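> How does the following fold in three dimensions:
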Amino acid sequence: MSTDVVSKQQRAFFRKLYLSYLISQEQHNLTSLQKLTGMPRRTIQDSIKDLSDIGIDCIFSQHEGGRHNDGHYHISDWGPIHWSWIETQLARIEQALDIAKKD
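Reported below is the predicted structural model:
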């Protein structure tokens, strides 16, 4: 996918893969994912909610004793997706999603 136009469906698929990859790398909540990706909060929520559409199980773990929604996401099952492919295609996915790398 060099400079090809990315369809809306491809972007949605890549967004799900990208968020899943980030969640698998460290503990993230909506706020940290929003800061890291620059995506709108609602877009992240909808993408995470729809991960099961592509076979990925994502669970929100509430921090014990924390306030409501104080916790982080984690991937409990990748289903048919190979996370290692995502890792090798990360630059391509970030380009398709127009995400600037933060150094």
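> Return the per-residue confidence for the residue nearest the centre of the chain.
Nearest to the geometric centre of the chain sits Leu19, at 0.7 Å (Cα atoms, centre = their mean). For Leu19, the pLDDT comes out at 98.
> now the helices for the chain?
When assigned using DSSP state H, the helices of the chain occupy the ranges 8-25, 30-37, 41-49, 83-88, 90-96.
> Can you check which of the ones you listed gets nearest to Asp57?
Ranking the helices of the chain by their distance to Asp57 (criterion: Cβ to Cβ) puts helix 8-25 first, at 9.9 Å. In this view, the C-beta of every residue, glycine as well, is placed from N, C-alpha and C.
> For the closest one, name the packing helices and strands.
The contact analysis (3 or more Cβ pairs under 8 Å, 6 or more residues apart in numbering; DSSP states H and E) places helix 8-25 against helix 30-37, helix 41-49, strand 71-77, helix 83-88, helix 90-96.
> Would you mind listing the buried residues in the last one?
By 16 or more other Cβ atoms under 10 Å, the buried positions in helix 90-96 come out as 93, 95-96.
> Could you say which of the helices of the chain is packed most deeply?
helix 8-25 (a mean of 18; mean count of other Cβ atoms under 10 Å).
> Give me the residues contacting it.
For helix 8-25, the surrounding residues in contact (Cβ atoms under 8 Å, 6 or more residues apart in numbering) are 6, 28, 33, 36-37, 39, 43-44, 47-48, 50-51, 53-54, 56, 58, 73-75, 78, 81, 83, 86-87, 90, 93-94, 96-97, 99.
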